[in-house]
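Novice: Got a predicted structure here, sequence first:
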Amino acid sequence: MDTTQLLKGVLDLAVLAALRDEDGYGYDILRRLRAAGLEDVGDASVYGTLRRLFAGGYLNSYVVPSVEGPHRKYYGLNAAGHAELQRSGKVWHGFASTMDDLLRERETA
Amino acid sequence: MNSTAQDEITEYVERVRAALADLPEATRAELLEDLPEHLAEIRAEDTVTLTDRLGTPEAYAAELRGTATGYVGGFPDPPKSPWVTPAEVRTQVMKVLGPADVKIGPLIGYPKASDFLALLRPAWWVLRGYLAAMALAYLFDASGNEPGLLPRVGGSTLVALILLAGCVFASILIGQRRLGRAGWPRYVLRFGSVFLVLFAIGGFFNADSDVRDPGYSDAGYSGGGNPYDYITDVFVYDSTGKLVPGARLFDQDGSPIQMGNAWCDNPNTGESFHSRSMGYPYCPEAAPFGSPNATPSANRTATPEPDAAATAEPGATVTPDATATPGATVTPGASVTEPADAPTTKPARPAPSASFLDGGR
């Protein structure tokens, strides 16, 4: 089983979750996801997802100047983003518990 | 960041862009919009090259492509309006115009081309006033006259100047936003500006073609202001003020100049009859200046009357722009009569046209 295929389906939710408590810029978010255990997530996936969520109106964005490096574009959840995180989170929990149950039945059967 | 890193980023972005060439332009533009900045962030994190850090641009593009499909992570993209919104059009246009603005500006000595255009704004206000006045003149002038380049109504230049001043004044006030520009007047103004620009383009090409081709100028044909339109006959006088009968006119190429019409009116009966003259004038009896030999009854004294000679002078000169007049009895300037010569000229010989005149009556 390929985790990248699974990841594809939950990437939006993962990125929204990574931004729940704190705003972040692209590379920062990638680091958070990897630190959380999603080792296979690629930079392009995070960047593309951020672009798409932003275009979809779930994120706000602002640029923070940096003294020694390039300016960083920070993303944060707006109201729609928080709502989507809740809704998608519930869908995920339902789906995950269904899968858990299914797997348990198979295992016990 | 040094320029090497900048070049590396630019090249990387271009290769990603090339790998995404098959995507719809809007999707691709959205995906790539922030990529240079994003890559700059990553490049600043550590010293390895982007390819070492992220893989090849093509692999990066493939991963990016995966995020662009409609369904990622459980919820669809928000429904897109089937209509292209003005904001989208604006974004697309600015994407092209923005860089051009910055590139062209320095060529004409400004940071941005739009800085220069902003300086021209009052000039546009004046032009807009003029165009509005011309448009009004076209709408309200029922006289059917050509208005020329001023907004004449009923052919009156005074009205034109007043209308012009009023429209330019109003346009300047509108430009300075002293007159209302909120809500619907703004849309009226925009619509009006588009109309005036179209009107101006039409008017410009009209005026251009009028200047390039001011109408058929061959003598004898009617059409735009040709001074030879009214000519029905030509009278040639020699240096002594004598009417030259049977004159033929040629242009510089030796082609005969045909003007007038070969029909004469009998002033007594009002009848028209075809001229029998083999040259000009067709109707010698209608000569505008008295000539010693113009009519059979003219006095045939040895010296033509100085008066007649003098009166023959103005307007009698037939000067077709000719340098060579083969066989012609007319040469440029030939009819300029020196009054001093008049008394010494030879006796005029009887006009050959006398018989014609007799026959003609």
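Specialist: Yes, it's here.

Novice: Name the helix or strand of chain A that has the lowest mean pLDDT.
Specialist: Ranked by mean pLDDT, DSSP states H and E, the weakest helix or strand in chain A is helix A:3-18, scoring a mean of 86.

Novice: in that helix, what's buried?
Specialist: Buried residues in helix A:3-18, counted by 16 or more other Cβ atoms under 10 Å in any protein chain shown: A:7-8, A:10-18. Any C-beta I mention is one placed from the backbone N, CA and C, and that applies to glycine too.

Novice: try stretch B:134-144
Specialist: Buried positions in stretch B:134-144, judged by neighbour count with 16+ other Cβ under 10 Å: B:134-137, B:141.

Novice: Local confidence estimate at residue 47?
Specialist: Went with chain A since none was named. The model reports residue A:47 with a pLDDT of 90.

Novice: Chain B, not that one
Specialist: pLDDT at residue B:47 comes out at 75.

Novice: so what are the domain limits for chain B?
Specialist: Chain B breaks down into these domains under automatic domain parsing: B:3-80, B:120-212, B:224-361.

Novice: Tell me where the chain has strands.
Specialist: I'll assume chain A. Under the criterion DSSP state E, chain A contains strands at A:24-25, A:59-64, A:72-77.

Novice: looking at chain B here, not the other one
Specialist: Using DSSP E, strands in chain B cover B:71-72, B:75-76, B:236-237, B:243-244, B:263-265, B:272-274.

Novice: Mind checking these for the one nearest to residue A:79?
Specialist: Proximity to residue A:79 (Cβ to Cβ) singles out strand B:75-76 among the strands of chain B, at 15.7 Å.

Novice: angle of the helix ranked longest in chain A against strand A:59-64?
Specialist: Scanning chain A for the longest helix, with DSSP state H as the assignment, gives helix A:79-108. With axes from the mean of the first three to the mean of the last three Cα atoms, to 10 degrees defining the directions, helix A:79-108 sits at 120 degrees from strand A:59-64.

Novice: Tell me the helices and strands packed up against helix A:79-108.
Specialist: Contact here means 3 or more Cβ pairs under 8 Å, 6 or more residues apart in numbering or on different chains; DSSP states H and E; on that basis helix A:79-108 packs against helix A:3-18, strand B:75-76.

Novice: how about 10 Å then?
Specialist: Using 3 or more Cβ pairs under 10 Å, 6 or more residues apart in numbering or on different chains; DSSP states H and E, the elements in contact with helix A:79-108 are helix A:3-18, helix A:43-55, strand A:59-64, strand A:72-77, strand B:75-76.

Novice: From the chain's centroid, how far away is the longest one?
Specialist: The offset between the C-alpha centroid of helix A:3-18 and the centroid of the whole chain comes to 5 Å, using Cα atoms, centre = their mean, to the nearest Å.
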